[in-house]
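J.: let's see this in three dimensions:
(chains A and B)
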Amino acid sequence: MLNIEIDGKVVEVEHGSTIIDAADQLGIAIPRFCYHKKLSVAANCRMCLVQVEKFNKPLPACATPVADGMKIFTRSKAAVEAQQSVMEFLLINHPLDCPICDQGGECDLQDIAMAYGAPASRYTEEKRVVINKNIGPLVATDMTRCIQCTRCVRFLKEVGGMMELGLINRGEHAEITAYVDKSVDSELSGNIIDLCPVGALTSKPFRYTARSWELVRRPSIAPHDGLGSQIEVHIKDGKVLRVLPREKETINECWLSDRDRFSYEGLNSPDRLKVPMIKHHGEWHETDWKTALEFAGGHLKEIVGTHGSDELGVLISPNSTMEEAHLATKFAHGLGSDNVDYRLRHTDFRHDGKRLGVIWMGCNIPDVQEMDRILVIGSNLRNEHPLLAQRIRRAVANGAELSVVNPLDDDPLIPIKHKAICSPNDMVNVLSQILKAVSGMERLSLCLPKSLSDLLEGVRVWDNSQAIALSLTGHGETMDLISPRSAVFLGNISQHHPRYTEIFSLAEAISSLCGATFGVLSAGANSVGANLVGAMPKAGGLNARTMLESPRKAYVLVNVEPELDCHNAALAKQAIEQAECVVALTAYKSEALEDATVLLPITPFTETSGTFMSMEGRVQSFTAVTKPLGEARPGWKVLRVLGNVAGLHGFEFDSSEEVKDEIFGGEKPSAVVWRTLNNNLRELIDVEIKVKLDSDLQRVGEIPQFQSDAIVRRSPPLQKTKQVTKAVLAGIHPEQLTKLGINEGEKILVKQGTGSAILEAKADIHVPHGCVRIPGAIAATASLGDLLGEIYIERIPATAPQEEVSA
Amino acid sequence: MTATQTLVCLRTAGQADPASLETYLKLGGYAQLKRLVTEKVKATEIISQVKLSGLRGRGGAGFPTGLKWSFMPRYFDGTKYLVCNTDEGEPGTFKDRDIIRYNPHQLIEGMAIAAYTLGARVGYNYIHGEIWQDYEIFEAALDEARQAGYLGENLFGTGFSFDLHAVHGYGAYICGEETALIESIEGKKGQPRFKPPFPASYGVFGKPTNVNNTESYTSIPWIMEHGGQAFQELGVANSGGTKIFSISGHVEKPGNYEVNMGISFAELLALAGGVWKGRQLKAVIPGGPSTAVLPASAIIGATMDYDGLSKAGSSLGAGSMIVMDETTCMVKALKRLSYFFFEESCGQCTPCREGTGWLYRVIKRIVDGQGRMEDLDLLTDVSSNISGRTICALGDAAATPVLSFIKHFRPEFEYYIQHGRSMVEDGVAVEEVAYA
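T.: Residues are numbered from 1 along each chain as shown, chains lettered A, B, ... in the order given. All right, here's what the predicted structure looks like:
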């Protein structure tokens, strides 16, 4: 530790600290623009110049390491003069029109100018004008306001993983710009809005809608992925106008993914369902709550009464709150049905009943960046878990090795040490190879159960599997670790995989042999919570797949758009279509719910209280940040009344807190969580290493980031991003295209099960041979079947008019 | 009394085909490299000779070369680099150009000796972007040296290896700043890095790197041949050896002159044929535009060495002497210099990016006849606010001419502001109003 003195205050700081660290520790405010604690030090704005004893020049506090006995003056005449002169320089070319700038009122430059700026400018020459750049639908630019602090440049390079912005030209002509004709497409791009200390980069959707002081700020939790990012929702006149991160170092740090930041625009969508609706003779009619609930409750009860309780299926979105999931499950159980599931995009449920606890990510979020070795199986990281990907990126920057087993070779913008890119069906084979390679290591071989080692006998280990095994166990290019901190994570593609059970058990075996953390990066905001409340079949009930395969007469849908949220879109559509009664609790009226019987308008996360449990098992409750739109009501209330109407017991709740108390049995949530999280399997699961498929082609159906749920799908700015507008609908490896005799850009007929679709074939080098990338959760592919499964492709005969084929 | 040149760095001057290996070998070239390497002379001995020689960095900062060499880590697990800065880009500097044009092999030998001494495996000579022909001459010399076994693997069978490459810049003045130069070698935009860390610990590709000026490296073979003491004795105390002065402006014979340190200004001026057209000397920028201008009266009795020019109120810089006769309008001269720094600021840090444009615009406004009397204080103030507050020395370099021109020639500026015209062009003698 070093002893230094700042403005007369003595402080003990760590070796390697900078002056600004020490001052921040003491609560001494040093003005700064370019410095940011999460980014590399640029020392270019010069605003943090301070006086240091024995130095004749002022030194930048952000870049100057402290030395023992150093005496620093941040408010001395010399320091303030230096700071004031820098402020003068910053302002000479900066427009002094704060009243019309979108950043006004929350601008670092404006604030610091109040303290360090002169009342009038001495600069009477022409001011600089910089042409604005169009960097996409999310971030607006006003480049004349830029002070070249390069925070945005450093963020995109260091945190985002790709240098999408840079400083070009020299001197006064220096300007921040993207590559020629390129936008900023990072899934974390919105953070540059927060980082920009001036009004150069502002939120395009929010622009000119409100001044910062008019907004009411309320805390909430992001509802789109399992990270559980803490957000602050900004509201004016009851309308959500923007979402910003709340700083939480152990979850989202000070960042937010674009999905979490810009999805709020979907809350104000014209699709929002404002009143209950009932379908009579094929026509939708608006109605009142009483009628709707009585109709729904009565109808469901009648079907159960007539055809048996097994005819009721309940599907719950993994983005529903714990309270909603709990009450929906309780409702099903109350009516005597065990057909409940939240795992809408899963298709392999063979390990049901064999798990020891609630599936989670196996460690805490900050642990990820401390790992030495990480193996990610079946995940498009940036797409599924943007901020977690950023932590892995940092781990790798700090020397960790990342290996992947994946059916897509998309660039995570993280240097990958070893990879096995293979067709979905081969993933089990590759994992068995890795397991064999790991178990072949003398030190670890003893731990493998006999049943597994027998199974692995015939497995031939490929070079890259061997390399992955070596890396995972600590062998490295530059340094071997005896006991590396390793982790094996399963991503969304693994979870949606038709052989998830085998992937899961092999990955678990690999992890336990190497002493690695093993976890599942859950897709939904509340996947872990829904698992904890038991929103799954318990005693032989139907799961999310079988419920659709053997169509039920009645369904209750909670926050579900069946064709877009289920693993097999065509199957979901058919099942809903044929049902006698479909009660949909939904925030939106949509095409996907056209076949429902009753639509009950429930509120999205901003208009209800509730609880999400993140992938690391963190239980986070939130309150409504604004009033329900129209007559929409919180889901938990609707389910409560539905329970009452159906005459069920145990639906007497006055608040969501009471529901939560029931979930946790009055215990401290963390105690329940501690007890229940467990990724181990009760017994070994039969692993079949090679499965013969009928088709030569397999679909790789990932869920695009900005299609993941009903809110995101309705956010216009997100739908205008290149990720959506330039999305590849049928991506095939160029060599495969040649083999199939298909031209790039040609429309092809894609058949899966009973469904088919006409899609444009695109050459996609990131897709392995034998595979076609066809995303799910979009209307264009909603007539197709399994996200991952066999698929058939046909050229469309030139003579046949396309309309006929699609009909 | 006429002084003569002492040719150390320009040793091949006057020879037929001066840049060829043959010429250099004829003059005893590469003998020192061979001797040091084959006799396995200790690095500490070489460094102590360089220290003894009093050689100071010829790029302008004048940092003692031997001391700089001693900063390089002796034991480092990895590649160490050697960099030569031939990116002279300041108006009036053209000495390094002549070294690589006429005596490239001595630079190569000097760098190879430095590489041997410092344990550098790879070297780069970063050559200014606007001297393409000279770059090609240097590349040809590198080829010759490689063929002849003075560069490459296992030199003289001793196990010592050194690869030297030429890198040409694209004409940015800022790349003459050593850390910007390093960034540029790495393929990035040439912008200075914040120091510390210095290149000796974090240089090219983050590895220990020694950066010296062309003339500094080129002096090394002579020092090795004759000893540090002999080099020191060519010059004066605190300024050992010879120095190439690039003399331009209003002299009869502009060009490079290599002379002993400590030569008097008058002798040096005489070497260059004196002020042209029989005119009177008005002012001299002794070391390049980043050094303070001196009026004739201040420089006439000065000696041309680090201490001598410091005493006169300026500095030796890179020895780029710009001579101005009585017809020079100092206001317009300053406008041209300010324009240079305005255009060449890298734009990275605030005071220089914003301040250089401000300075230029105000001076331009004065030249355009729109000056205000308070502009002079403003210029002084803005210059002082840039100076010492930037990442690199370009800020100081931009401030120095403005401060020194106004300090020494304020009446000319006042006249220009009052009349909207140049005092010199009006034929008003400076003496009539000056120095009151």
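J.: okay, CA-based contacts and neighbour counts for the rest of this
T.: Noted.
J.: ok, and for the helix or strand where B:Asn385 lies, which residues are buried?
T.: Here B:Asn385, judged by DSSP states H and E, is contained in helix B:375-386. Under the neighbour-count criterion of 16 or more other C-alpha atoms under 10 Å in any protein chain shown, helix B:375-386 has B:Asp375, B:Leu376, B:Leu378, B:Leu379, B:Thr380, B:Val382, B:Ser383, B:Ser384, B:Asn385, B:Ile386 buried.
J.: what is the nearest of these to chain A?
T.: Within these, distances to chain A taken as C-alpha to the nearest C-alpha reach their minimum at B:Asn385, with 6.0 Å.
J.: measure the closest residue in space to the closest one that isn't next to it in sequence to B:Ala61 for me?
T.: Setting aside the residues directly before and after it, B:Asn385 is nearest to A:Ser85 in space (C-alpha to C-alpha, 6 or more residues apart in numbering or on different chains), at 6.0 Å. Taken as C-alpha to C-alpha, to the nearest Å, the spacing of A:Ser85 relative to B:Ala61 amounts to 26 Å.
J.: tell me which parts of chain B are close to chain A?
T.: Along chain B, the residues adjacent to chain A under the rule C-alpha under 8 Å from any C-alpha of the partner chain are B:194, B:342-355, B:357-358, B:361-362, B:385, B:388-391.
J.: how does it look with 6 Å?
T.: Within chain B, the positions adjacent to chain A are B:Ser345, B:Cys346, B:Gly347, B:Gln348, B:Cys349, B:Thr350, B:Pro351, B:Arg353, B:Glu354, B:Asn385, B:Gly388 by C-alpha under 6 Å from any C-alpha of the partner chain.
J.: do I have it right that the fifth one meets A:Asn44?
T.: Pointing back at B:Cys349 there. Yes - with the criterion set as C-alpha atoms under 6 Å, B:Cys349 and A:Asn44 qualify as a contacting pair; they are 4.2 Å apart.
J.: tell me how many other residues crowd the residue in chain A that chain B sits nearest to.
T.: Per C-alpha to the nearest C-alpha, A:Gly171 is where chain A lies closest to chain B, at 3.5 Å. A:Gly171 is flanked by 23 other residues according to other C-alpha atoms under 10 Å in any protein chain shown.
J.: how about the secondary structure of the closest residue in space to it that isn't next to it in sequence?
T.: Of all residues beyond its chain neighbours, the one nearest A:Gly171 is B:Gly347 (3.5 Å), with distances taken as C-alpha to C-alpha, 6+ apart. Local secondary structure at B:Gly347 is given as coil here, using DSSP: H, G, I helix; E, B strand; the rest coil.
J.: list the contacts of B:Gly347.
T.: By C-alpha atoms under 6 Å, 6 or more residues apart in numbering or on different chains, B:Gly347 lies in contact with A:Arg170, A:Gly171, A:Glu172, A:Ala174, B:Arg353.
J.: which residue ranges of chain B form strands?
T.: Counting by DSSP state E, residue ranges of the strands within chain B are B:81-86, B:122-127, B:152-155, B:160-168, B:209-213, B:242-249, B:255-260, B:263-264, B:281-285, B:294-295, B:303-304, B:320-325.
J.: save the contacts of B:Gly347 as JSON lines, and put in secondary structure and pLDDT too.
T.: Supplementary listing: the contacts of B:Gly347 in JSON lines, determined by DSSP: H, G, I helix; E, B strand; the rest coil; pLDDT from 0 to 100:
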{"residue": "A:Arg170", "secondary structure": "coil", "pLDDT": "93"}
{"residue": "A:Gly171", "secondary structure": "helix", "pLDDT": "93"}
{"residue": "A:Glu172", "secondary structure": "helix", "pLDDT": "92"}
{"residue": "A:Ala174", "secondary structure": "coil", "pLDDT": "95"}
{"residue": "B:Arg353", "secondary structure": "helix", "pLDDT": "97"}
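J.: need the residues you listed in CSV (columns: distance to A:Ala554).
T.: Output for those, formatted as CSV (distance: C-alpha to C-alpha, whole Å):
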residue, distance to A:Ala554
A:Arg170, 68
A:Gly171, 70
A:Glu172, 69
A:Ala174, 64
B:Arg353, 70
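J.: just among those, which is most surrounded?
T.: Ranked by the number of neighbours (other C-alpha under 10 Å), those place B:Arg353 first, at 28 neighbours.
J.: state the distance from it to A:Asn169.
T.: The value you get for B:Arg353 to A:Asn169, if C-alpha to C-alpha is used, is 11 Å.
J.: cool, A:Val488 as well?
T.: From A:Val488 across to A:Asn169, the span is 45 Å (C-alpha to C-alpha).
J.: contacting residues around the biggest helix by length in chain A?
T.: Once chain A is assigned using DSSP state H, the helix that runs over the most residues is helix A:289-307. By C-alpha under 6 Å, 6+ apart, the residues outside helix A:289-307 that reach it are A:Leu642, A:Val645, A:Ala646.
J.: for that helix, C-alpha coordinates in CSV please.
T.: Extracted as CSV, the C-alpha positions of helix A:289-307 are listed here (Å, rounded to 0.1, in the frame of the first residue of the first chain):
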residue,chain,number,x,y,z
TRP,A,289,-63.3,-8.6,-17.7
LYS,A,290,-66.2,-10.3,-15.8
THR,A,291,-67.7,-11.8,-19.0
ALA,A,292,-64.3,-12.8,-20.3
LEU,A,293,-63.1,-14.5,-17.1
GLU,A,294,-66.4,-16.3,-16.5
PHE,A,295,-66.4,-17.4,-20.1
ALA,A,296,-62.8,-18.6,-20.0
GLY,A,297,-63.1,-20.3,-16.6
GLY,A,298,-66.4,-21.8,-17.4
HIS,A,299,-65.3,-23.1,-20.7
LEU,A,300,-62.1,-24.7,-19.4
LYS,A,301,-63.9,-26.3,-16.5
GLU,A,302,-66.5,-27.6,-18.9
ILE,A,303,-63.9,-29.3,-21.1
VAL,A,304,-62.1,-30.8,-18.1
GLY,A,305,-65.5,-32.0,-16.8
THR,A,306,-66.5,-33.5,-20.1
HIS,A,307,-63.3,-34.9,-21.5
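J.: next secondary structure element downstream of that helix?
T.: Beyond helix A:289-307 on the C-terminal side, the first helix or strand identified by DSSP H and E is strand A:312-316.
J.: direction included, what does that following strand pair up with?
T.: In the sheet, strand A:312-316 lines up against strand A:340-341 (parallel), strand A:554-558 (parallel) (DSSP bridges).
J.: A:Asp194: which of the ones you listed is closest?
T.: Relative to A:Asp194, the nearest member of those by C-alpha to C-alpha is strand A:554-558, separated by 34.4 Å.
J.: using PDB, list the CA coordinates for the closest one.
T.: The C-alpha coordinates for strand A:554-558 follow below in PDB (Å, rounded to 0.1, in the frame of the first residue of the first chain):
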ATOM      1  CA  ALA A 554     -58.100 -26.900 -24.200                       C
ATOM      2  CA  TYR A 555     -55.000 -24.700 -23.700                       C
ATOM      3  CA  VAL A 556     -54.100 -21.900 -21.400                       C
ATOM      4  CA  LEU A 557     -51.300 -19.800 -22.800                       C
ATOM      5  CA  VAL A 558     -49.400 -17.400 -20.600                       C
END
